[in-house]
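**Student:** I would like to see how this sequence folds:
(chains A and B)
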Amino acid sequence: MNIEIKEVNGVTTAIMEGRLDTPAAIKAGQQMQPLFEVADKEIVIDCTQLEYISSSGLRLFLALRKETSTKGGKVIIEHINDEIKKVFMMTGFFNLFVIRN
Amino acid sequence: MEYYGLDLHCQALLDEYRQSLPVFKHLQQVAMDKLTTMLRNNGIVVNSMESRIKAEESLAGKLHRKGAKYASIRDITDIFGGRIITYYNEDVDRIASLVESSFDIDWKNSVDKRKMHEFDSFGYNSLHYICRLPKEACDELGAPELHELRFELQMRTALQHVWSDIQHDIGYKSEIETPMEYHRSLSRLAGLLELADNEFSRIRASINAYRRRTKALLATGQLDQIQLDGDTFRWYLDREPFDNLNKRIASVNQAELQEVPIQNYLPVMKELGMATLADVEKMKNDNEEDAYQLAIAQLGNTDLDILASTIGLQNLCMVQILKTGGGCPGLQRMLDTVNGKQEYNELIAQSIYSQAARLSFMTTKA
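**Tutor:** Numbering: from 1, shown residues only, chains lettered A, B, ... in the order given. Have a look, this model is predicted:
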């Protein structure tokens, strides 16, 4: 699992790659830390290369969403695959995020 | 030192004002803090509060006009002035009553301008109290001198305030005496705003009465008498109607339930034809077991151990749609409402439908 954070057209974008499962979540949490610093702005999470998400990964997304809603920012999740979409739906968290292709 | 061409008596008053400024500023801070606390403790929300210390030029103008009648600067009651702008007429009276119990009122110099009009005339409406901080409060602060100073507190509604400000503005800008037709126009507007103030109060009272009535119906379980809307749905949720189902679903994977907003489901239930809280209750009672089975079908072979607190209602709505023949298009419409219209809602709807297709409520419904 790897997360690369960069600015794309002035928007902080996290590019996720691999499987965000429980063992990977601790390192992913550390890698996502800079996103919490810009939680007052729009943050894009590019999931084009994200293969899988577990509950631990969901918790990371939810923590970031909570931070942005407190500070006035927004999390936009892009290009998640069909399996991850189902995970968001089954758990009831789908409508908490802006999810776009 | 600027004396604005004042005579010796008024110059002395101006000097006294300059020396007293720190005390007036202290009074302003203490009085406004006290008023803010008073409103907060009594749950009164106001449009705004403002205060000011009279500017030196403004005081000089006043002394020019009528300085001879003042022996001391303390005889001028509006050196410090505060104003509370309310939304509703009745809040002016509520606040006045609280002010009466929190401050010493100089009744001789206080005036209720609302009661000064003839029955057939309209104009400036405001309640003006001349106040002092109570002696004990000043002693407690170690500032007994504050009790010696009076100040003016104006209380009025936002509409009365707007009228007063505009009338003041027009009066000040015109260099000649304003023609009678403008006075008539302003009076006409004052009448209109008085009517609007009364109407706002009537609407608030009516809404409050509706809410009280509805809460009483809810308390006695007469859900068929309660229209489904944002307020009533929130009160219904206070009874935690989906708590039991949520916990059952969560127990499938020993999941943690995370509180999330549930109001997105209100339009879904409206679309499903639910008009009263009894309809929601019926959906819950009729579908609870099937909603649980659907959740098991979705979550049973995963290790997802975090769920949104909407999970029970989400599954109840899905079952309701499927049982009433809504099929995939119905599920997709629900997802469009909850998630916003997205092309992948169709795919998710298909996935939910195929998971539900094997369940008993689907195989036996025909």
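
**Student:** residues near B:Met32, how many?
**Tutor:** B:Met32 is flanked by 16 other residues according to other Cβ atoms under 10 Å in any protein chain shown. C-beta here means a position set from N, CA and C on the backbone, and glycine is covered the same way.

**Student:** mind listing what it touches?
**Tutor:** B:49, B:51, B:82 (Cβ atoms under 8 Å, 6 or more residues apart in numbering or on different chains).

**Student:** how much space separates it from B:Leu39?
**Tutor:** In this view, B:Met32 and B:Leu39 are 11 Å apart by Cβ to Cβ, to the nearest Å.

**Student:** now do the shared contacts for these two.
**Tutor:** With Cβ under 8 Å, 6+ apart as the test, B:Met32 and B:Leu39 both reach B:Met49.

**Student:** identify the bridge partners of A:Asp46.
**Tutor:** Under DSSP bridges, the beta-bridge partners of A:Asp46 are A:Ile15, A:Glu78.

**Student:** so how far does stretch B:41-51 reach from one end to the other?
**Tutor:** Stretch B:41-51 has an end-to-end distance of 20 Å (criterion: Cα to Cα, to the nearest Å).

**Student:** show me what from the stretch 151-300 of chain B comes close to chain A.
**Tutor:** B:255, B:258, B:260, B:264, B:298-299 (Cβ under 8 Å from any Cβ of the partner chain).

**Student:** let's see 10 Å
**Tutor:** Proximity of the stretch 151-300 of chain B to chain A is confined to B:246, B:249, B:253, B:255-258, B:260-262, B:264-265, B:295, B:297-299 under the rule Cβ under 10 Å from any Cβ of the partner chain.

**Student:** give me the buried subset of those residues.
**Tutor:** With neighbours counted by 16 or more other Cβ atoms under 10 Å in any protein chain shown, these contain buried members at B:246, B:249, B:253, B:255, B:257-258, B:260, B:262, B:264-265, B:295, B:297-299.

**Student:** as CSV, the residues you listed with secondary structure and pLDDT would be great.
**Tutor:** Putting those into CSV (DSSP: H, G, I helix; E, B strand; the rest coil; pLDDT from 0 to 100) gives the following:
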residue, secondary structure, pLDDT
B:Asn246, helix, 97
B:Ile249, helix, 97
B:Asn253, coil, 93
B:Ala255, coil, 95
B:Leu257, strand, 96
B:Gln258, strand, 93
B:Val260, coil, 92
B:Ile262, coil, 92
B:Asn264, coil, 88
B:Tyr265, helix, 94
B:Ala295, helix, 95
B:Ala297, helix, 93
B:Gln298, helix, 92
B:Leu299, helix, 93
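
**Student:** surely B:Pro261 meets B:Ser309?
**Tutor:** Yes: counting by Cβ atoms under 10 Å, B:Pro261 touches B:Ser309, with 9.1 Å between them.

**Student:** and the residue of chain A closest to chain B?
**Tutor:** A:Gly92 (3.1 Å; Cβ to the nearest Cβ).

**Student:** that residue: neighbour count?
**Tutor:** A:Gly92 has 26 nearby residues by other Cβ under 10 Å.

**Student:** now do the contacts for it.
**Tutor:** B:246, B:249, B:257-258, B:260, B:262, B:295, B:306-315, B:338 (Cβ atoms under 10 Å, 6 or more residues apart in numbering or on different chains).

**Student:** restricting to C-alpha, output stretch B:53-71 in PDB.
**Tutor:** Extracted in PDB, the C-alpha atoms of stretch B:53-71 (Å, rounded to 0.1, in the frame of the first residue of the first chain):
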ATOM      1  CA  ILE B  53     -20.000  55.800  24.500                       C
ATOM      2  CA  LYS B  54     -21.200  59.100  23.300                       C
ATOM      3  CA  ALA B  55     -18.600  60.700  21.100                       C
ATOM      4  CA  GLU B  56     -17.100  64.000  22.300                       C
ATOM      5  CA  GLU B  57     -18.400  66.000  19.200                       C
ATOM      6  CA  SER B  58     -21.900  64.600  19.800                       C
ATOM      7  CA  LEU B  59     -21.800  65.500  23.500                       C
ATOM      8  CA  ALA B  60     -20.500  69.000  22.600                       C
ATOM      9  CA  GLY B  61     -23.500  69.400  20.200                       C
ATOM     10  CA  LYS B  62     -25.900  68.400  23.000                       C
ATOM     11  CA  LEU B  63     -24.200  70.800  25.500                       C
ATOM     12  CA  HIS B  64     -24.600  73.600  23.000                       C
ATOM     13  CA  ARG B  65     -28.300  73.000  22.800                       C
ATOM     14  CA  LYS B  66     -29.100  72.400  26.400                       C
ATOM     15  CA  GLY B  67     -26.000  72.300  28.500                       C
ATOM     16  CA  ALA B  68     -27.400  74.800  31.100                       C
ATOM     17  CA  LYS B  69     -29.800  72.200  32.400                       C
ATOM     18  CA  TYR B  70     -27.000  69.800  33.500                       C
ATOM     19  CA  ALA B  71     -25.200  70.400  36.800                       C
END
